[in-house]
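Engineer: need the 3D shape of this:
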Amino acid sequence: MARLQLEFPDSCFIYDTTLTVRITDINAGNHLANDSMISMISEARARFLFQMGVQELTDDKTGIIVTDLATVYKSEAHARDQLRFEVGLMDFNAYGCDIVFRITRPADNRLIALAKSGFVFFNYMQSKVVHMPAHVLNTFQQALADRASASEEGTQ
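Structural biologist: Numbering: from 1, shown residues only. The predicted model follows:
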């Protein structure tokens, strides 16, 4: 059976945040549990959207809805580990895009996991997928352009 492969260019990452693995996040194998990793990814996504000024639900009941999530685990994480969640954007379409994650442990620079979460904008009152608001697309594209500019300046 083929294994899931995730690869992301460094240029897609535009935000990072740190989360601590709690003792309650640990499973019987004495490492970070899958359900806890998904919760941490959700928290990193919420922090990212807040930083970008993107409301997860607007007054007209339009918001994002996660369409899929893929996670590839590379190493174990343990209680009290500080994990860095780098967050980026890829694969835009008219309705949404993918938010991608690179999760590392800064203490030893170990890659813990990679994840990709698809989302679309959804009107909960109408119960249908709607186009990504122009201001959100512009915010995301500007953040990616700023990242590209910063990268170019760093290589000169």
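Engineer: would you confirm that Thr104 contacts Leu111?
Structural biologist: Yes - counting by C-beta atoms under 8 Å, Leu111 is a contact partner of Thr104 at 5.5 Å. Bear in mind the C-beta positions are built from the backbone N, C-alpha and C, glycine included.
Engineer: looking at the two, which is more packed in?
Structural biologist: More neighbours surround Thr104 than the other of Thr104 and Leu111, with 21 against 13 (other C-beta atoms under 10 Å).
Engineer: the helices in this structure, which residues?
Structural biologist: With DSSP state H as the criterion, the chain has helices at 34-52, 134-155.
Engineer: angle of the first one against helix 134-155?
Structural biologist: Okay, so that is helix 34-52. Here the directions of helix 34-52 and helix 134-155 differ by 90 degrees (axes from the mean of the first three to the mean of the last three C-alpha atoms, to 10 degrees).
Engineer: contacting residues around helix 34-52?
Structural biologist: With C-beta atoms under 8 Å, 6 or more residues apart in numbering as the test, helix 34-52 has contacts from 15, 17, 19, 21-22, 24-27, 55-56, 64, 69, 71, 73, 83, 85, 87, 99, 101, 103, 113, 115, 117, 139-140, 143.
Engineer: pull out the buried residues from the least confident helix or strand in the chain by mean pLDDT.
Structural biologist: In the chain, the helix or strand scored least confidently by mean pLDDT, DSSP states H and E is helix 134-155, which has a mean of 88. Going by neighbour count (16 or more other C-beta atoms under 10 Å), the buried part of helix 134-155 is Val136, Phe140, Ala143, Leu144, Arg147.
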